[in-house]
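Student: Fold the following, please.
(2 chains)
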Protein chains: 2
Amino acid sequence: MIRRFVLDTSLFVNPHSRKQFGKDSKKAVKGFIKKAKGLNAEFFMPPSIFRELGTFVGSITEDLELIVKKRAPNIYAIYLPAAVFYEFVDDVRIRINKGLRLAEEFTADEKTAVSQKLGKLREKYRDAMRAGLVDSKEDFELVILAKELDAALVSADEGVIKFGNKVGCECVDAKKFGKILSALKKR
Amino acid sequence: MIRRFVLDTSLFVNPHSRKQFGKDSKKAVKGFIKKAKGLNAEFFMPPSIFRELGTFVGSITEDLELIVKKRAPNIYAIYLPAAVFYEFVDDVRIRINKGLRLAEEFTADEKTAVSQKLGKLREKYRDAMRAGLVDSKEDFELVILAKELDAALVSADEGVIKFGNKVGCECVDAKKFGKILSALKKR
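Tutor: Next comes the predicted model:
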């Protein structure tokens, strides 16, 4: 049986996972292409993830397209249990409340300089609202594609992995993906 | 065929819809009970909505329970298309960005008094983050129960109606519910 993998941008961008393939994101893409060529495996990325990766590494994504299939999930044919949605709605509500508490805190602070406050606000707001959450169409497409293809989801993004586990995807820690490819070579 | 309705708290709390049944929320519940008794129709509310309504009208919900069936949706058995989730994720992302812009705006404003800023911030943040969004477990349960029972969803909440329409529920504008009940009586 051919193993199938759906690849996230984070595989090539996250410093902890890209280093197994190369020193920077561009070199990581090149390193992956070299390692993946000729393997008895299929690789997929949604078009939206190709575009996202392109903003980091530029035209090297064209070489990647020779190895990685560009394919969007069929979001109209895949169904998810309402329970997963229910948990998401609740998670978002809690985060919205946290976001307001933060906004209030920084609005009320009259002692700190504005420029300093803005930097801190952005950092804290991002942590509160987005860390661990599937917070973009791109992330969501990734998980649904893996589900549709019954492929393993390769990501270094906490929110993506969490959501993948909720809907029953095989999840691969991006940091270990290099070793998995090496093991496939040995077969 | 018996018509089925799933009732939202907003039917009794929203001033525009409650006035058809009574002058305040408590009287609206009483007025509804009187009007609904003996009709060839079934009424449902999830337990979470009973609790929510209780915070507005107190123990009168016990009388309501004699007319309205208390029943949670089976969120583990109902499935929703991934496309609906996809749109929700995108909507949330846009709102999260708007929330940050607002927080920045009020943090940077050094001219307005803090107390004034806080009031304005809360109002604007609520509008940006929650208006038109299914933003609570209670709202979500309401829609899923209507879907599960193939019942009409009766709500004055923009987010609930929007989501109900997305998943193919019959939606009834809460303001017109009194007239619908009157029409049922005539049959």
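Student: Name the nearest residue to A:Glu52, ignoring sequence neighbours.
Tutor: In space, and not counting its chain neighbours, A:Glu52 is closest to A:Thr9: 4.9 Å by CB to CB, 6 or more residues apart in numbering or on different chains. The way it works is simple: take the backbone N, C-alpha and C, and place the C-beta from them, glycine included.
Student: The one you found: how many residues sit nearby?
Tutor: 26 (other CB atoms under 10 Å in any protein chain shown).
Student: What of A:Lys162?
Tutor: Around A:Lys162 there are 15 residues (other CB under 10 Å).
Student: hmm, the helix or strand hosting it in reach of chain B?
Tutor: Element membership of A:Lys162 [criterion: DSSP states H and E] is helix A:158-166. No - under the criterion of CB under 8 Å from any CB of the partner chain, chain B is not reached by helix A:158-166; the shortest gap measures 9.5 Å.
Student: go on, stretch A:133-143?
Tutor: Yes - with CB under 8 Å from any CB as the measure, stretch A:133-143 is seen reaching chain B through A:Val134, A:Asp135, A:Ser136, A:Lys137, A:Asp139, A:Phe140, A:Glu141.
Student: circling back: the residue nearest to A:Glu52: what's it in contact with?
Tutor: Neighbour list for A:Thr9: A:Ile49, A:Glu52, A:Leu53, A:Phe56, A:Glu138 [criterion: CB atoms under 8 Å, 6 or more residues apart in numbering or on different chains].
Student: again, only this time at 7 Å
Tutor: Counting by CB atoms under 7 Å, 6 or more residues apart in numbering or on different chains, A:Thr9 touches A:Ile49, A:Glu52, A:Leu53.
Student: near chain B, which residues of chain A?
Tutor: With CB under 7 Å from any CB of the partner chain as the criterion, chain A meets chain B at residues A:75-76, A:78-83, A:85-86, A:89-90, A:92-93, A:96, A:99-100, A:102-104, A:106-108, A:110, A:114, A:117-118, A:121-122, A:125, A:129-130, A:134-137, A:140, A:144.
Student: Show only the entries of those found in strands.
Tutor: A:Tyr79, A:Leu80, A:Pro81 (DSSP state E).
Student: Out of these, which end up buried?
Tutor: The neighbour count (16 or more other CB atoms under 10 Å in any protein chain shown) marks A:Leu80, A:Pro81 as buried among these.
Student: Could you break chain A into its assigned domains?
Tutor: A:3-77+A:137-186, A:82-130 (automatic domain parsing).
Student: so which of those domains is the most packed in?
Tutor: Of all those, domain A:3-77+A:137-186 carries the top mean neighbour count, a mean of 19, counting by mean count of other CB atoms under 10 Å in any protein chain shown.
Student: what mean pLDDT does that domain have?
Tutor: The pLDDT scores in domain A:3-77+A:137-186 average 95.
Student: Give me the distance from that domain to the chain's centre.
Tutor: 8 Å (CA atoms, centre = their mean, to the nearest Å).
Student: Quick check: A:Arg51 vs chain B, distance?
Tutor: Per CB to the nearest CB, to the nearest Å, A:Arg51 is found 15 Å from chain B.
Student: and what of A:Ala152?
Tutor: Applying CB to the nearest CB to A:Ala152 and chain B gives a distance of 19 Å.
Student: so that residue touches A:Phe5, yeah?
Tutor: Yes - here A:Ala152 lies in contact with A:Phe5, judged by CB atoms under 7 Å, at a distance of 5.2 Å.
Student: next structured bit after the helix holding A:Lys162?
Tutor: In N-to-C order, the element after helix A:158-166 by DSSP H and E is strand A:170-173.
Student: List the strands paired with that next one, with their directions.
Tutor: Counting by DSSP bridges, the strands paired with strand A:170-173 are strand A:152-155 (parallel).
Student: what does the partner strand rub up against?
Tutor: For strand A:152-155, contacts defined as CB under 7 Å, 6+ apart pick out A:4-8, A:10-11, A:142-143, A:146, A:160-161, A:164, A:169-172, A:174, A:177.
Student: hang on, the earlier thing: could you dump the domains of chain A into JSON lines with distance to B:Met45 added?
Tutor: Converted to JSON lines, those look like this (distance: least, CB to CB, whole Å):
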{"stretch": "domain A:3-77+A:137-186", "distance to B:Met45": "28"}
{"stretch": "domain A:82-130", "distance to B:Met45": "17"}
